[in-house]
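>>> Quick one, what's the 3D model for this:
(one chain, ligands or ions: 1)
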Amino acid sequence: MQIKVLVAYASKYGSTQEVAEAIAATLRESGLVVDLEPMREVKALEEYTAVVLGAPLYMLHLHKDARGFLSKHCEALTGLPVAIFALGPFHDEEEEWKEAREQLDKELAKFPWLTPIAIEIFGGKFDPAKLRFPDNLLAILPASPLRKMPASDIRDWTAIHAWASNLATQLQPALAQ
Ligand SMILES: Cc1cc2nc3c(=O)[nH]c(=O)nc-3n(C[C@H](O)[C@H](O)[C@H](O)COP(=O)(O)O)c2cc1C
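So this is what the prediction gives:
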């Protein structure tokens with residue numbers, strides 16, 4: 001059986017897409033055949049033996065494309081190894097990472113049939129100059145935590161490659177069975 005992995009992502013401003021690209025590249029370097037697609041363009045999962053899903057957190061929720069993808073492909077995903085990553089935190093502060101993980105866990109609990117083989121949070125990217133409506137308005141509201149927040153990018157590429165590399169090791173024996 002050929003091992004073919006789908007890396008599907010949701011992204012508003014591109015930072016999750018870049019992480020998905022890096023993960024796909026690492027999985028390929030590990031010998032896996034990988035397709036990389038935006039979640040909303042994925043029609044069916046029949047040809048895949050494993051799925052990696054990546055989405056950012058927005059306003060305490062997973063990007064809506066990810067929630068839609070999980071609902072739409074519930075049946076097919078139930079029979080496949082699924083790994084999930086989410087982007088969120090802007091600062092290397094324990095509390096922020098804890099909150100992001102809680103947000104992700106709460107979102108995933110809405111899909112009780114889902115039993116991922118790996119779940120990870122990566123740091124996110126914030127560029128106030130690029131925000132579009134309504135995010136640009138949210139970022140200027142007096143009570144917003146984003147107000148006057150400087151641009152940042154705390155994506156840790158070493159951690160991202162290491163996660164993908166571990167995942168490849170995990171998938172190979174799981175798929176060979
Ligand atoms: C308006 C807005 C709301 C956000 N809300 C959250 C949130 O609730 N939790 C979190 O951990 N990160 C939050 N983030 C951070 C994003 O998840 C992070 O910027 C991510 O890298 C964006 O991914 P994208 O470039 O693929 O869209 C928010 C960012 C913006 C701009």
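>>> any idea whether the residue of the chain most remote from its centre is helix, strand or coil?
Here the chain reaches farthest from its C-alpha mean at residue 142, the gap being 29.7 Å by CA atoms, centre = their mean. Here residue 142 is recorded as coil under DSSP: H, G, I helix; E, B strand; the rest coil.
>>> ok, now which ones touch residue 8?
20, 36, 37, 38, 39, 42, 51, 52, 53, 54, 69 (CB atoms under 8 Å, 6 or more residues apart in numbering). To be clear about C-beta, it is placed using only N, CA and C from the backbone, and glycine gets the same treatment.
>>> How about the secondary structure of the residue nearest the centre of the chain?
When CA atoms, centre = their mean is applied to the chain, the residue found nearest the centroid is residue 54 (1.8 Å). Put simply, residue 54 is strand when judged by three-state DSSP.
>>> Secondary structure element holding residue 104?
helix 94-108 (DSSP states H and E).
>>> Mind listing what's buried along that helix?
96, 99, 100, 101, 103, 104, 107, 108 (16 or more other CB atoms under 10 Å).
>>> pLDDT and distance to the ligand added to those, as JSON lines?
JSON lines is the format used below for the buried residues of helix 94-108 (pLDDT from 0 to 100; distance: CB to the nearest ligand atom, whole Å):
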{"residue": "96", "pLDDT": "96", "distance to the ligand": "7"}
{"residue": "99", "pLDDT": "98", "distance to the ligand": "7"}
{"residue": "100", "pLDDT": "98", "distance to the ligand": "4"}
{"residue": "101", "pLDDT": "98", "distance to the ligand": "9"}
{"residue": "103", "pLDDT": "98", "distance to the ligand": "6"}
{"residue": "104", "pLDDT": "98", "distance to the ligand": "8"}
{"residue": "107", "pLDDT": "98", "distance to the ligand": "10"}
{"residue": "108", "pLDDT": "98", "distance to the ligand": "14"}
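>>> Present the residues you listed as TSV; the columns should include distance to residue 2.
Formatted as TSV, the buried residues of helix 94-108 follow (distance: CB to CB, whole Å):
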residue	distance to residue 2
96	41
99	40
100	35
101	34
103	36
104	31
107	32
108	29
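>>> Which residue, other than its chain neighbours, is closest to residue 157?
residue 22 (6.5 Å; CB to CB, 6 or more residues apart in numbering).
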